[in-house]
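1. Got a sequence here, can you build the structure:
(one chain, ligands or ions: 1)
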Amino acid sequence: MVITLLYVLIFLLTLLLFHLVKMRSEVPRKRAKLPPGSMGWPYIGETLQLYSQDPNTFFASKQQRYGEIFKTHILGYPCVMLARPEAAKFVLVTQAHLFKPTYPKSKERLIGPSALFFNQGDYHIRLRKLVQGSLSLDAIRNLVADIEAVAVSASSSWSSGQMINTFHEMKKYSFEVGILAIFGHLEACLREELKNNYSIVDKGYNSLPTNIPGTPYKKALLAREKLSKILSDIVSERKEKKLVENDLLGCLLNSKDDKGEVLRDDQIADNIIGVLFAAQDTTASVMTWIVKYLHDEPKLLEAVKAEQMEIRRLNEENNQPLTWRQTRNMPISYKVVLESLRMASIISFTFREAVADVEYKGYLIPKGWKVMPLFRNIHHNPEFFTDPQKFDPSRFEVAPKPNTFMPFGSGIHACPGNELAKLEILIMVHHLVTNFGWEIVGSESGIQYGPFPVPRNGLPARFWRESITC
Ligand code: HEM
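-> Numbering: from 1, shown residues only. I've put the predicted structure just below:
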């Protein structure tokens, strides 16, 4: 009898303890409530609503209905979306340690798990220093002549009178510039091999992840293996010849951690593929938008042309190529680049995952939920950018308010390639307006997501050489 009573007592005490612990762990949940919003259907949530229309319409209508922080459920995950600059700063900068980067596993498999953007902590800091260093102003100022040569070569076929897909052509250019920043001058046959295999990987990024032979994803996985082999051969050759270069590969090869350990070949390969992935479609989409915006605004095109023709006139007079200093003094063209980055907001949002229950402005962001700072909504908010749908580069005569303009993200994962991206875009603009005229083919307007927003069908266009006298 006593023993039974003792058991009951122990049971009741355990129950009480369990409740106390549970109540303690629920304290933040009770105090803070989930943000407003709807979670849609079980499992699929609101994924169909998001992807069956222009995603911007989805975000904008949610923001209108629920305000600047709202919950939803997409791609199998509960999410909190944030459309205020200070909320983006909270997630990406001040409380960045509470939110980790998160990408679909299928993408991580193709790029490689050691790539910069999948990582956090000491490894991320080490890798970031290397990537940032090789893409710093000091490093890229020596690339102007080479990038200009790439622009000339990439556009050499444009004036044949044939219609071209502007986005595809810009992708060829941004890929070559990426190769230049990573390897410096690379043998033509190796470049071809990298290009051919990378283009197969590229097709896999947005395809259904399956191991079934013959599918784009499976082909991409096989091409990714070949890329590892090619990269490992390039690395071996550099090591054998004891070549010390200060391109990205050189920086990766020379790096040693505090224990004197060098990076493994797979870590080097993952980061090279990662940089190519981060550099190609992003920059190409922005350049495609610039071709469209300048086409649609003839007066602006004239102003950009006048600025660039003056540079060309000077260079022809002095028999010199485009210089770094000139690329830093193109005020009209530079504002066109900034306004295109704002208008097109090609990275419309980014994903993070809460690593703990987080409270923000009285709302709970539960551990494990995805968090999405919505860059495009911020860039298109009339509170920060008057008449936001108007393409108006002159708005950048005044610097935007802090945290309202984040085309390259913010905080510890902000884009280390932003200066290179702007440089290669300006060089392309210089080359484009001083050599070519163009018309857009077809009357179809609209946006296509792949996943970055690009004018429909990649902006089919016809280019011709203009016989321009300076
Ligand atoms: C107009 C072109 C570009 C845009 C709009 C852009 C935008 C961005 C954004 C928004 C992020 C941060 C993503 C996040 O926080 O989740 C990012 C990260 C990154 N970008 Fe760019 N990018 C561009 C071009 C480039 C280029 C040319 C390179 C390299 C040559 C590059 C390399 C990277 C890398 C390596 C990261 C990951 C950084 C990290 O996780 O620490 N990007 N980019």
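2. if I pick residue 393, what's in contact with it?
-> 300, 332, 335-336, 338-339 (Cβ atoms under 8 Å, 6 or more residues apart in numbering). Heads up, the C-betas are built off the backbone N, CA and C, glycines and all.
3. Just name the closest of those to residue 274, please.
-> residue 338 (25.7 Å; Cβ to Cβ).
4. what are the bridge partners for residue 164, then?
-> residue 461 (DSSP bridges).
5. Contacts only, for the residue of the chain found nearest the ligand.
-> The nearest approach of the chain to the ligand comes at residue 417, 2.1 Å away (Cβ to the nearest ligand atom). For residue 417, the contacting residues are 131, 135, 181, 275, 278-279, by Cβ under 8 Å, 6+ apart.
6. filter those by proximity to the ligand?
-> 131, 135, 181, 275, 278-279 (Cβ under 6 Å from any ligand atom).
7. List buried residues within these.
-> 131, 135, 181, 275, 278-279 (16 or more other Cβ atoms under 10 Å).
8. quick one: which of those is nearest residue 404?
-> Nearest to residue 404 among those, with distances taken as Cβ to Cβ, is residue 278, at 23.2 Å.
9. how about that closest one, what does it touch?
-> Counting by Cβ under 8 Å, 6+ apart, the residues that residue 278 touches are 117, 415, 417.
10. was I right about the second one contacting residue 406?
-> Going back to what we said before, that points to residue 415. No. At 9.7 Å, residue 415 does not count as touching residue 406 under the criterion of Cβ atoms under 8 Å.
11. quick one: which of these two has more around it?
-> residue 406 (24 against 20; other Cβ atoms under 10 Å).
12. Quick check: residue 55 vs residue 40, distance?
-> 15 Å (Cβ to Cβ, to the nearest Å).
13. Name the residue in these two with the higher neighbour count.
-> For residue 55 versus residue 40, the count of surrounding residues by other Cβ under 10 Å is larger for residue 55: 20 against 16.
14. Is it correct that that one is in contact with residue 451?
-> No. If you go by Cβ under 8 Å, residue 55 and residue 451 don't touch, sitting 9.3 Å apart.
15. most surrounded residue in the contacts of residue 393?
-> Most surrounded of these: other Cβ under 10 Å gives residue 336, at 26 neighbours.
16. Report the spatially closest residue to it, excluding sequence-adjacent ones.
-> With sequence-adjacent residues excluded and distances taken as Cβ to Cβ, 6 or more residues apart in numbering, residue 336 is closest to residue 393, at 4.9 Å.
17. before we move on, what about residue 389?
-> residue 380 (7.3 Å).
18. quick revisit: retrieve the pLDDT associated with the residue nearest to residue 336.
-> In this model, residue 393 is scored at 98, pLDDT.
19. didn't residue 366 look like it was pressed against residue 355?
-> No. Using Cβ under 8 Å, residue 366 makes no contact with residue 355, being 11.2 Å away.
20. Of these two, give the one with the bigger neighbour count.
-> Each of residue 366 and residue 355 has its neighbours counted (other Cβ under 10 Å); residue 366 has more, 16 against 13.
21. Spit out the contact partners of that one.
-> Per Cβ under 8 Å, 6+ apart, neighbours of residue 366: 29, 34, 78, 354, 357.
22. Mind telling me what element residue 432 is part of?
-> Assigned by DSSP states H and E, residue 432 falls within helix 418-435.
23. Buried ones in that helix, by neighbour count?
-> 419-435.
24. same deal with stretch 460-468?
-> For stretch 460-468, using 16+ other Cβ under 10 Å, the buried residues are 460-463.
25. tell me which of those is nearest to residue 401?
-> Distances from residue 401 to the buried residues of stretch 460-468, taken as Cβ to Cβ, are shortest for residue 461 (35.5 Å).
26. any weak-confidence spans in the protein?
-> For the chain, applying pLDDT under 70 flags the ranges 1-30, 468-470.
27. Output the set of residues of it in proximity to the ligand.
-> So the chain meets the ligand at 116-117, 128, 131, 135, 178, 181, 274-275, 278-279, 282-283, 286, 346-347, 350, 407-409, 413-417, 420-421 (Cβ under 6 Å from any ligand atom).
28. which ones among these are found in strands?
-> Among those, none falls in strands (DSSP state E).
29. Direction-wise, compare the longest helix seen in the chain with helix 418-435 and give the angle.
-> Longest helix of the chain, by residue count under DSSP state H: helix 265-296. Interaxial angle of helix 265-296 relative to helix 418-435 (axes from the mean of the first three to the mean of the last three Cα atoms, to 10 degrees): 40 degrees.
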